[in-house]
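[1] following is a predicted model, sequence given first.
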Amino acid sequence: LFGGIDDSYFTGNLSWIPLTAQTYWQIKVDRVTVHGLPIACIHGCQAILDSGTSMLAGPGLSIRRIHHEMGATRSPNGLHTVGCSSILPDVVFVIAGTQFPLPPQAYIVQMEDGSCVSGFEAYALPTAADELWILGSIFLRR
């Protein structure tokens, strides 16, 4: 629905977050936490909300910290795998003071071969900002 809200397509409340740039759907993220502790974007960062990106993309160091908390291992094809029956933490994005938790069932993707991979990926995007994230469909669906 363009220009309006059809509440038959979602449950819960909508959060209105101001844009920090009008070139993209860009917002400020306060921090990213795991087990209640800041793990990424510790001093705040910028993020682009992008329905055209399927994964959650962020700076390499931040993504490595998140993968470490998951116990993920890098496979030869570059994906980070976890045991499908592993007990994994919620990854929480705090935006405008509101917590947006991503449970493992949101960020773990089960592949056709039965393996489970992380929906977080590192990227190298030259930017003036310290950290720039791309919050794709994995985030937006929640």
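    Yep, that arrived. Numbers count the residues shown, from 1 in each chain.

[2] from here on, contacts and neighbour counts on C-alpha atoms
    OK.

[3] how far away is G3 from S51?
    To S51, G3 is 17 Å away according to CA to CA, to the nearest Å.

[4] isn't there a strand covering S62?
    No. Counting by DSSP: H, G, I helix; E, B strand; the rest coil, S62 is located in no strand; its state is helix.

[5] excluding chain neighbours, what is closest to it?
    The shortest distance from S62 to any residue other than its chain neighbours is 5.2 Å, reached at A40 (CA to CA, 6 or more residues apart in numbering).

[6] quick one: contacts for the one you found?
    By CA atoms under 8 Å, 6 or more residues apart in numbering, the contact list for A40 reads 31-33, 62, 65-66.

[7] mind listing the strands for the chain?
    Along the chain, counting by DSSP state E, strands occupy 26-29, 31-34, 37-40, 45-49, 56-59, 73-74, 80-82, 91-95, 98-102, 108-110, 116-118, 120-123, 132-135.

[8] nearest residue to the middle of the chain?
    The structure's the chain has its C-alpha centroid closest to L56; by CA atoms, centre = their mean the separation is 4.2 Å.

[9] I'd say that residue and R141 touch.
    No. Assessed by CA atoms under 8 Å, L56 is found out of contact with R141, at 11.7 Å.
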